[in-house]
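A.B. asks: can you look at this prediction? I've put the sequence above it.
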Amino acid sequence: MRRPSSTTRDTPSSSGARGPTAPRRRLLRAGLLTLAWGAGVLTQATLQHAEAAPPAATSFYANFKGTKLLDQDGKPVLPERLAQHIVLINFVYTGCSSVCPLQTRALAELQSRLPRELRERMHLLSVSLDPLNDSPQVLRSFAKRMGADLSSWTFATGRPEDVEKLSDALRLFRPGTDVRKPEEHNTALWLVDAQGQLRMRYSGNPPDVRRLLRELADLDKLGHRPES
């Protein structure tokens, strides 16, 4: 899958202001583009003002439709209930000895460095790709070992057929891969805004914590602009 172009086009706000705000300029420079998920294909769309109508794209959480996931406490995970939160999603094997623990520790660092107000509006979701081994109890132990704060971070597992369906929808393995190994899965991070739209897919090997901190703050400002 090719990375989308960083070219965007700004539009005047309803107040008549000319040019983007400072947070938007930072987003444009960083290449943080709105992405729409449709028919399994990522397509580029213009980054919209917070007051503009939301894009008519299918919610990213539609990829979870028909799956039944459980969290680290054995409770159902309903991704659509994360609406109104900025959500950063990754996919892990708790038995992985390379990328997954390093990525999870980096995200724990990210979580600990978020400003308190932003942390309350954000959630992390880590989905296991090894459902036969990663039970809720194993996920809870892994989360504790990685330093995750479970008040705003969910670790999820599910039936093998549900995990396979989700991984196919998001193309987490190369097509035609019969034996899915930890070293072969896509280690990207998926950033979803409070309207359920996919905003960015980051390289997760390793995550750039400083960039994530900056761009999460910028996205939060776009979604929580004070009333004029």
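C.D. replies: All right, it came through fine.
A.B. asks: by mean pLDDT, point me to the weakest helix or strand of this structure.
C.D. replies: strand 41-45 (a mean of 31; mean pLDDT, DSSP states H and E).
A.B. asks: neighbours of the residue lying closest to Glu120 once chain neighbours are set aside, how many?
C.D. replies: Spatial nearest neighbour of Glu120, excluding adjacent residues (CB to CB, 6 or more residues apart in numbering): Ser152 at 7.5 Å. In short, each C-beta sits where N, CA and C put it, glycine included. Using other CB atoms under 10 Å, Ser152 is surrounded by 15 other residues.
A.B. asks: make 545 the first number, not 1, from now on.
C.D. replies: Sure thing, new numbering starts at 545, so read that last one as Ser696.
A.B. asks: just for the protein, where's the confidence low?
C.D. replies: Within the chain, the ranges that satisfy pLDDT under 70 run 545-601, 717-729, 768-772.
A.B. asks: other residues contacting stretch 671-681?
C.D. replies: 613-618, 633-639, 683, 686, 699-704, 706-707, 710-711, 716, 724, 726, 729 (CB atoms under 8 Å, 6 or more residues apart in numbering).
A.B. asks: next, count neighbours for Phe635.
C.D. replies: For Phe635, the neighbour count with other CB under 10 Å is 25.
A.B. asks: where along this protein do the helices fall?
C.D. replies: 566-574, 643-657, 660-664, 680-690, 704-713, 753-767 (DSSP state H).
A.B. asks: nearest approach to Ala606 belongs to which of the ones you listed?
C.D. replies: helix 704-713 (8.6 Å; CB to CB).
A.B. asks: for that closest one, name the packing helices and strands.
C.D. replies: strand 666-672 (3 or more CB pairs under 8 Å, 6 or more residues apart in numbering; DSSP states H and E).
A.B. asks: pairing partners for the strand it packs on, with directions?
C.D. replies: strand 630-636 (parallel), strand 697-702 (parallel) (DSSP bridges).
A.B. asks: possible to save these as TSV with distance to Ala738?
C.D. replies: Formatted as TSV, those follow (distance: least, CB to CB, whole Å):
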stretch	distance to Ala738
strand 630-636	6
strand 697-702	16
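A.B. asks: surely the residue nearest to Glu664 touches Leu668?
C.D. replies: Yes. Between Ser696 and Leu668 there is a contact at 6.7 Å, judged by CB atoms under 8 Å.
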